[in-house]
Each structure stands twice: as structure tokens, then as C-alpha cells.
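> no sequence for this one, just the structure:
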Ligand code: BTN
């Protein structure tokens with residue numbers, strides 16, 4: 001579990017122009033998962049907005065217990081919040097921040113409810129996982145930036161910015177890009193502006209009016225998307241003459 005002290009210093013100075021306070025910065029060469037490390041800190045001993053970054057994760061994880069497979073060319077980090085509100089859909093906000101950051105480099109990305117950022121081919125370029133415990137919330141973000149290839153088993157569903165464009169983006173620079181989008185969004189929602197932010201999310205995702213299938217633990221739901229609930233982020237689905245609110249699941253576009 002080697003720590004890159006020099007990189008931590010570099011990241012610290014790179015992030016210093018951000019208006020929000022950053023906590024500690026931990027930059028590892030190789031750990032099981034930045035989620036494990038960030039959750040292991042005691043709240044009393046850790047600052048809000050502490051960052052855990054790792055070049056490699058041996059057991060990176062995604063939603064629904066799926067593995068998250070990425071390599072040292074990619075960006076993987078967790079942001080720890082000690083000041084948070086359980087009702088806020090942090091994953092959606094983080095996906096929005098990643099989406100806006102990627103849009104500075106390309107038009108060829110889109111956002112899919114609830115927390116995916118996809119390349120135009122529908123392959124996944126970034127994912128977000130939020131884990132909440134009694135006293136903290138950890139937002140984990142993985143962005144497939146510079147990996148040269150994806151392993152066979154995920155080649156059909158995942159891609160990287162480099163694989164699509166032949167261009168590289170510095171990982172630390174992109175971390176800065178994400179946080180410079182995410183921190184203002186977090187302060188807005190913590191100051192009661194969740195409705196405005198989710199309205200912008202809905203517009204950016206272009207999901208309204210789409211015919212979709214949502215798969216979650218209660219089954220498969222097919223319907224037309226009427227929007228995103230402006231407080232909870234739930235997907236509002238028209239199924240026949242009913243309007244159903246869906247809080248989690250994987251979306252497939254059917255139109
Ligand atoms: C998903 O799309 O299912 C969510 C993927 C989240 C991956 C990131 S990478 C950094 C952090 N550490 C993990 O083990 N997972 C998240």
C-alpha cells in the first residue's frame with residue numbers, strides 16, 4: 001500500500017484554486033478500493049472533503065455488487081463527506097459533474113439515469129457509487145480516461161476517452177475538472193437549491209419522453225419517462241395510466 005507523497009503534494013497545489021476546502025489527500029499506488037479506504041476513516045479524525053485516489057484498485061466495485069475494472073491510466077477516487085444530507089442523490093450530482101467535465105473535451109458523451117456517463121456508442125466511460133454509513137457519505141468516481149484497452153469481458157459495455165479519441169487527459173487535471181464542477185453543485189444543494197440542480201440534470205440527460213426499460217429488484221418496468229423528481233431524483237415513469245416513481249435501477253432505452 002504505497003503512498004505517493006509527492007503526488008499528494010502536487011494534487012494539493014493543483015486543487016488549491018478551488019473555492020471549497022479540501023480535506024486530506026491520500027494518493028496510493030495500489031489498494032483494494034478507494035471506497036474501503038475512505039470508509040475506514042473515523043469521522044472524528046477525518047476532514048470533510050478528504051480525497052482517496054489510487055492508480056490501481058484490486059477490488060474496485062460498482063453498483064449492485066458488480067466489479068469495477070479499470071487500470072492505472074484511468075482515474076479512480078473517493079470523496080468523503082462528513083457534512084451531508086441523506087436525502088440528496090449524491091450519485092446523480094457526481095455523474096453530472098463528470099458529464100460536464102467531459103463535455104469540455106468532447107460532445108460525444110451523454111448521461112444516463114441514475115449515475116452513468118456513456119460514450120455515444122452507449123459504452124460506459126464513467127460510473128459513480130455512493131455509500132452511506134451512520135456518520136459519513138463516500139462518493140466513489142471512476143472515469144475511464146487513458147486506458148488503452150478494456151478486458152475482453154467488458155469490451156462491449158465499457159470504453160475509455162483514449163480508446164475513442166486517441167487523446168489523453170491528465171488524471172490530476174481531470175480530478176480538478178470534476179471537483180470544480182462538483183463542489184459548486186454540492187454547495188448549491190446544501191443551500192436548498194436541489195430543485196434547480198435536478199432540473200438542469202434532467203435537461204442535460206435528455207431523458208424526458210424516452211421509452212425505457214428499468215430493471216431493479218422489484219422487476220422490469222417499461223414506460224415513457226416523464227421526468228426526474230426535483231427533490232429525490234427519482235425517475236418518473238408513465239406506465240399505461242399510472243405514474244410510477246423509481247428510485248434505483250438500470251435503464252435501457254427502447255426507442
Ligand atoms: C458503477 O457504475 O457501477 C459505479 C462504479 C464506481 C467505480 C468507482 S472507482 C472509485 C471508487 N472505488 C470503487 O471501488 N468504486 C468506485
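Good, I have the coordinates. None of these values were measured; they are calculated from a predicted model. Numbering: from 1, shown residues only.
> Residues of the stretch 101-250 of the chain that sit close to the ligand?
Remark: the part of the stretch 101-250 of the chain in contact with the ligand comprises 127-129, 140-142, using CB under 6 Å from any ligand atom. In short, each C-beta sits where N, CA and C put it, glycine included.
> Where do the strands of the stretch 101-250 of the chain begin and end?
109-112, 116-119, 124-132, 137-143, 211-216, 219-228, 235-239, 242-246, 250-253 (DSSP state E, counting those that start in this stretch).
> How many residues are close by residue 106?
15 (other CB atoms under 10 Å).
> Residue 200 now?
By the measure other CB under 10 Å, the count of residues near residue 200 is 14.
> distance of the residue nearest to residue 20 when sequence neighbours are not counted from residue 171?
For residue 20, ignoring the flanking residues on the chain, the nearest one in space by CB to CB, 6 or more residues apart in numbering is residue 183 at 3.9 Å. Between residue 183 and residue 171 the distance, using CB to CB, to the nearest Å, works out to 18 Å.
> swap in residue 155?
Between residue 155 and residue 171 the distance, using CB to CB, works out to 22 Å.
> These two: which has the busier surroundings?
A count of neighbours by other CB under 10 Å puts residue 171 above the other of residue 155 and residue 171, at 21 against 12.
> And for the residue lying closest to that one once chain neighbours are set aside, the neighbour number?
In space, residue 171 comes closest to residue 75 once its chain neighbours are excluded; the distance is 4.6 Å by CB to CB, 6+ apart. As a burial measure, the neighbour count of residue 75 was computed by other CB under 10 Å and equals 25.
> And for residue 103?
Residue 103: 17 surrounding residues under other CB under 10 Å.
> what's the spacing between it and residue 210?
When distances are taken as CB to CB, residue 103 and residue 210 turn out to be 20 Å apart.
> again with residue 114
Counting by CB to CB, the separation of residue 114 from residue 210 is 14 Å.
> Neighbour count for those two, which is higher?
A direct count of neighbours by other CB under 10 Å for residue 114 and residue 210 places residue 114 higher, at 23 against 16.
> these two touch, right, the more buried one and residue 248?
Yes. With contacts defined as CB atoms under 8 Å, residue 114 counts as touching residue 248 at a distance of 6.7 Å.
> mind giving me a markdown table with the residues of the stretch 101-250 of the chain next to the ligand and columns for neighbour count?
Putting these into a markdown table (neighbours: other CB atoms under 10 Å) gives the following:
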| residue | neighbour count |
| --- | --- |
| 127 | 26 |
| 128 | 24 |
| 129 | 23 |
| 140 | 27 |
| 141 | 26 |
| 142 | 26 |
